[in-house]
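Peer 1: Output the structure for:
(chains A, B, C and D)
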Number of protein chains: 2
Amino acid sequence: MRKGIIEVASAAGVSIATVSHVINNTRFVSEETKRKVFRAMEELDYRPNSVARSLRSQKSNTIGLVVPILPSDTSNFFFMTVAQGIQNTLKKHGYHLLLSNNTTEELEDEKEQIKLFNSKLIDGLIIASIAEEVEYLNDIVGTDYPVVFIDRRPKGYGGDCILADGYGGSYNAVQTLIQKGHSRIGLITGELGITTSNERFEGYKNALADNGITFDSSMIRVAESSYESGYESARDLLNIHRITALFIANNVLTMGAMGYIQERQLKVPEQLAIIGFDDYDWTKITTPPLTVIRQPSYELGEKAAEIISLRINDKRVGKYEEYRLATSLVMRSSC
Amino acid sequence: MRKGIIEVASAAGVSIATVSHVINNTRFVSEETKRKVFRAMEELDYRPNSVARSLRSQKSNTIGLVVPILPSDTSNFFFMTVAQGIQNTLKKHGYHLLLSNNTTEELEDEKEQIKLFNSKLIDGLIIASIAEEVEYLNDIVGTDYPVVFIDRRPKGYGGDCILADGYGGSYNAVQTLIQKGHSRIGLITGELGITTSNERFEGYKNALADNGITFDSSMIRVAESSYESGYESARDLLNIHRITALFIANNVLTMGAMGYIQERQLKVPEQLAIIGFDDYDWTKITTPPLTVIRQPSYELGEKAAEIISLRINDKRVGKYEEYRLATSLVMRSSC
DNA sequence: CTGAAAGCGCTTACAG
DNA sequence: CTGAAAGCGCTTACAG
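Peer 2: Numbering: from 1, shown residues only, chains lettered A, B, ... in the order given. Predicted coordinates for the structure are as follows:
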């Protein structure tokens, strides 16, 4: 049986109101009284029941996180790294993290998860929505708590947005390949629609254009996010085209494409120059080690956690902002 | 403003008690009345406030998960995969998942996180404790809720235990190397103490012994769990010894060791045969693709979630059990 | 077959 | 400087 505030109050010889105010530092209490209360809490090993606290104060100190991770997609560690960044910084701010994966890529599923969160009374929501358009949030969230969007920027609802500079990273990658003398540069990208993929695609196109290289859509493969799909895209592309370089615009696809390239025993970068996406340790151990565009995924999570806690505590009011975290080229030996 | 049970009751023309009983199916209500209540709930888009529900019923439908993941250890996806397995099956049982990483490898931190969970009223705890001895749980958890241990089996507190057969996997790996003609087989293992590492170490030793090969402790490197540490261990081992085969007993260390081996341009398996641990997609794309011991991490999470929900609902009472999930050898080209 | 009411453990006006 | 009491939104004996 855990002790409650009543036991503490009586042990300290004060009212429960005073105990509460001492805990929350919410009105003046004399040093003397404070000491007695602290002592009583100590002795009883008192921990405030945060369920009761939540019910009364209508705050839960809990943030909900919804990210899309297919069960089949066992290699997509991007959102997991983001989640870690979120969790670790949320903890510093005294918030808990309620985790929910959208495993079906269905919008209904996403809504359902948010509704579940609602019944638990969350103070904020961090979401990488699968939808391009999230007007539905008006019905479900209303103005009950702030929403922070990560990785992609949907339309139709107001919230801060934490993104990596995918456009810049992609431009940079293609520019680098061009400078190395390539002009027949293939692209494997995740499905278009979400801003993330769109921007990376734009970066590819603009880098070509700025260098006077004609865009050829047959050098592009749009793939769903899976190892197999990356593998097949690389195979198709390399069998049809005499491309001399390949840029792969996301981490799972990079892995799959490398699977095909390793199997086919292509000499990299001599026969094919490669730049992949996302900097994980495994990119150091391919043969040769992979040049990649790094996006700061952990930091993206940290930032999202920071921003949402500012919003919750009204430190930041007014216009929603978009935060862009820089990407960078990590040069190794594949190009 | 969200609607409460009172609005539903008055809209349906019944008492709140009846509404509650309809929702929870907890006593007989006439079909007629049920219909009215359901209609009212529908119209008002009523969602029970689970904070209030928790406070009153002393259940939260929430499970806490504590796993150790160092912030530096950006490649340790084992527990993340486990967490996914847990989350996905918990969702099916109607439970939420509260996630907390122990990022310091300090026992105090672990305790603190559990205490935080306690104040939120969790119904169960799933934990991969960093401690070999968890008697402290008696004070913190008492008998308030069931605890399920994953990945490693600590002493001093009663709870079901979900483990992979690390001993068997390790034995199998070494046995395989021996059958390929190797007798000078190095081992890189995570720090001993936790049962996981201990068992894998035992498997290594017993496989040697059963084949009449003398154990030589100078062929062993004990490393902390990081890419760098794996890299350095491989370097040390290969510089000192003429080993012809290497077994690496965890995933992060495998990656680090492969980093060194790739850099040194060793011919695998000709100059060095290798078996690693954990089957991730990246093991397919090294040169050559890596033979590994697979442990079913996602399934381990699923199992943990299943067991804890059985315990919570008293479907399973009595003696705590240990569940062993089989490991398997995934043969590729590195040995 | 259903209702009136207590109470889960806190926070927070109100009052002095 | 501090206390008495209402109330957050439910569940659950108790009663009929």
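Peer 1: How many residues are close by A:V222?
Peer 2: Residues near A:V222, counting by other Cβ atoms under 10 Å in any protein chain shown, number 16. Where you see a C-beta, it was placed from the backbone N, CA and C, and this is true even at glycine.
Peer 1: got a list of contacts for whichever strand or helix holds it?
Peer 2: Assigned by DSSP states H and E, A:V222 belongs to strand A:220-223. Residues outside strand A:220-223 that contact it (Cβ atoms under 8 Å, 6 or more residues apart in numbering or on different chains) are A:186-192, A:229-230, A:232-234, A:236-237, A:253, A:256.
Peer 1: Nearest residue to A:I178 in space, ignoring adjacent ones along the chain?
Peer 2: A:N211 (5.0 Å; Cβ to Cβ, 6 or more residues apart in numbering or on different chains).
Peer 1: just A:G186 next, same as before
Peer 2: A:I243 is the one closest to A:G186 (Cβ to Cβ, 6+ apart), at 4.1 Å.
Peer 1: and the one you found, what pLDDT?
Peer 2: pLDDT for A:I243: 95.
Peer 1: My read is that it contacts A:L237, right?
Peer 2: Yes: with contact defined as Cβ atoms under 8 Å, A:I243 counts as touching A:L237 (6.6 Å).
Peer 1: Please report the number of neighbouring residues for A:S217.
Peer 2: 7.
Peer 1: Give me the pLDDT value at it.
Peer 2: 94.
Peer 1: how much space is there between it and chain B?
Peer 2: A:S217 sits 28 Å away from chain B, going by Cβ to the nearest Cβ, to the nearest Å.
Peer 1: ok, back up a step: helix or strand right after the strand holding A:V222?
Peer 2: Heading C-terminal from strand A:220-223 (DSSP H and E), you reach helix A:227-240.
Peer 1: Please state the offset of that following helix from the chain centre?
Peer 2: 27 Å (Cα atoms, centre = their mean, to the nearest Å).
Peer 1: cool, stretch A:322-333 as well?
Peer 2: Stretch A:322-333 sits 15 Å away from the centroid of its parent chain (Cα atoms, centre = their mean).
Peer 1: Around DNA strand C, pick out the residues from the stretch 1-150 of chain A.
Peer 2: A:2, A:4-6, A:16-17, A:20-21, A:23-24, A:26, A:46, A:48-49, A:52-53, A:55-57 (Cβ under 7 Å from any atom of the strand).
Peer 1: ok, now with 10 Å
Peer 2: Counting by Cβ under 10 Å from any atom of the strand, the stretch 1-150 of chain A comes close to DNA strand C at A:1-9, A:15-24, A:26-27, A:46-59.
Peer 1: Touching both of A:I243 and A:L237, which residues are there?
Peer 2: A:G186, A:M219.
Peer 1: just to revisit the earlier point, give me the number of residues near the residue nearest to A:I178?
Peer 2: Count around A:N211 with other Cβ under 10 Å applied: 12.
Peer 1: Any chance of the backbone angles for it?
Peer 2: Torsion angles at A:N211 (phi, psi; degrees, to the nearest 10) stand at phi -110, psi 10.
Peer 1: can you pull the contacts of A:N49?
Peer 2: Contacts of A:N49 by Cβ under 8 Å, 6+ apart are A:R2, A:G4, B:L55, B:S119, B:L121.
Peer 1: Would you mind measuring from it to B:P288?
Peer 2: Note on A:N49: its distance to B:P288, by Cβ to Cβ, to the nearest Å, is 57 Å.
Peer 1: what sits against the most centrally placed residue in chain A?
Peer 2: The residue lying closest to the centre of chain A (Cα atoms, centre = their mean) is A:V82, at 4.3 Å. The neighbours of A:V82, taking Cβ under 8 Å, 6+ apart as the test, are A:V67, A:A128, A:I150, A:D151, A:S297, A:Y298, A:L300, A:G301, A:A304.
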